[in-house]
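Engineer: The following block contains a protein sequence and its predicted model.
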Amino acid sequence: MAGTLTTPLCGRLGIAVPVIQAPIGSAATPELAAAVSAAGALGTLALTWVDAAEAVRQVRRVTELTDRPFAVNLVLDFDVEDVLTACLAEGVPVISTFWGAPEAVTARVHEAGALHVHTIGSVGEAVDAVRAGVDAVVAQGWEAGGHVRGQVTTMSLVPAVVDAVGPTPVIAAGGIADGRGLAAALMLGAQAGWLGTRFLTADEAASHPVYRDAVVRAAPEDSVHTRCFDGGWPNAPHRALRNTTLTAWEEAGSPARPDRPGEGAAIASDAQGRTHMRYDDMVPVEGMSGDLTALALYAGQSAGLVRDRASAAEIVATIADQATRALRG
């Protein structure tokens, strides 16, 4: 059924299903990206906070597992020069960027023969990105999980961006977790859906069981737009599930650092022995111990639609089947 969903962007990306796995931070793994891509969609590595050697290791691991196209995501507000250089040298076919100015890297991406996809949160940002020469824009709605660029909902933002930048392809992000959401995005004029929260419970993700359980149990209203978990990425709004840290901070009047409840407390450690603080932008991943439910549980409002754990291949196939049936009416 995937063939009935094929869009022009699918052809450019070399995928069969218009589904792109969003960069889900430390929960993303080469195994997840490879499994998503092998299933006909586009997997993504999140490489902003690793060094060039680790980026190369992860990229090569993906290419060991699949010969299908995949992407790497880089946040341009950080120094990603070395990682970008390494990824382009490795022949990564798709570079996706977020925050920052896309024109800083577009020419280099194209010179290396890769495609450049940039995430935006407003019509104005979309127009600027297209003028910079990006190959596609991700229109991220306010209901998306993780770090959130704008303040407009997906339902309103996507068609407005499509109207403003067409024929440049638009990818819809925010609130999509199943085939119904993908079908709706395609009807709005998007050429693919960008899903993060749904892949947090994929078998191949590195998300810790307590994180997976929190996502599965969540209702849409449990996903809160906040600035609470800003350690490592200050002044960047984000959406995370309500937990003890977020609740205590709000009850204290949402004070600024260093006056937040439990400020400076190390509440978790990882398999490498590194400690993680209460307000860090770190999610619980496999191998961690401590008060993990008090860490940042990034997830969008679509968490209310995620009710199980499944392999990446099963997730992609189910979404494609649901979307096809929905579009057939």
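Structural biologist: Arrived safely. Note that the coordinates shown come from a computational prediction; the quantities given were computed from them, not determined experimentally.

Engineer: and residue 4, how far is that from residue 326?
Structural biologist: 11 Å (C-beta to C-beta, to the nearest Å). (Glycine included, C-beta is placed from N, CA and C.)

Engineer: let me redo that: residue 94
Structural biologist: When residue 94 is compared with residue 326 (using C-beta to C-beta), they lie 27 Å apart.

Engineer: who's more crowded, those two?
Structural biologist: Per other C-beta atoms under 10 Å, whichever of residue 94 and residue 326 has more neighbours is residue 94, with 25 against 17.

Engineer: Spit out the contact partners of the more buried one.
Structural biologist: For residue 94, the contact set (C-beta atoms under 8 Å, 6 or more residues apart in numbering) comprises 13, 42, 69, 70, 71, 72, 114, 115, 117.

Engineer: Inside strands: which ones of these?
Structural biologist: Under the assignment DSSP state E, those contribute 70, 71, 72, 115, 117 to strands.

Engineer: Now render those as CSV, adding distance to residue 180 and pLDDT.
Structural biologist: Rendered in CSV, the data for the ones in strands among the contacts of residue 94 read as follows (distance: C-beta to C-beta, whole Å; pLDDT from 0 to 100):
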residue, distance to residue 180, pLDDT
70, 26, 98
71, 25, 99
72, 29, 98
115, 28, 98
117, 24, 98
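
Engineer: Neighbour-wise, which one of those residues leads?
Structural biologist: That'd be residue 72 among the ones in strands among the contacts of residue 94, by other C-beta under 10 Å, with 31 neighbours.

Engineer: looking at it, that residue is touching residue 42, isn't it?
Structural biologist: No - Residue 72 lies out of contact with residue 42 (C-beta atoms under 8 Å); the separation is 11.2 Å.

Engineer: Which residue ranges of the stretch 51-200 of the chain form strands?
Structural biologist: 70-75, 94-98, 115-120, 136-140, 146-147, 170-173, 192-195 (DSSP state E, counting those that start in this stretch).

Engineer: Compare those and give me the one nearest residue 293.
Structural biologist: Closest to residue 293 of the strands of the stretch 51-200 of the chain is strand 146-147 (C-beta to C-beta; 17.6 Å).

Engineer: Off-centre distance for the closest one?
Structural biologist: 8 Å (C-alpha atoms, centre = their mean, to the nearest Å).

Engineer: going forward, begin numbering at 47 instead of 1
Structural biologist: All right, first residue 47 from here; so that's strand 192-193.

Engineer: which neighbours does it have in its sheet, and in what orientation?
Structural biologist: Strand partners for strand 192-193, identified by DSSP bridges, are recorded as strand 284-287 (antiparallel).

Engineer: tell me the mean pLDDT over the strand it pairs with?
Structural biologist: Strand 284-287 shows a mean pLDDT of 98.

Engineer: name the helices or strands packed onto the helix or strand following that strand?
Structural biologist: Next along the chain after strand 284-287, taking DSSP states H and E as the criterion, comes helix 290-297. Applying 3 or more C-beta pairs under 8 Å, 6 or more residues apart in numbering; DSSP states H and E, one finds that helix 290-297 makes contact with no other helix or strand.

Engineer: ok, back up a step: would you tell me which of the strands of the stretch 97-246 of the chain gets closest to residue 296?
Structural biologist: Per C-beta to C-beta, nearest to residue 296 of the strands of the stretch 97-246 of the chain: strand 192-193, 19.1 Å.
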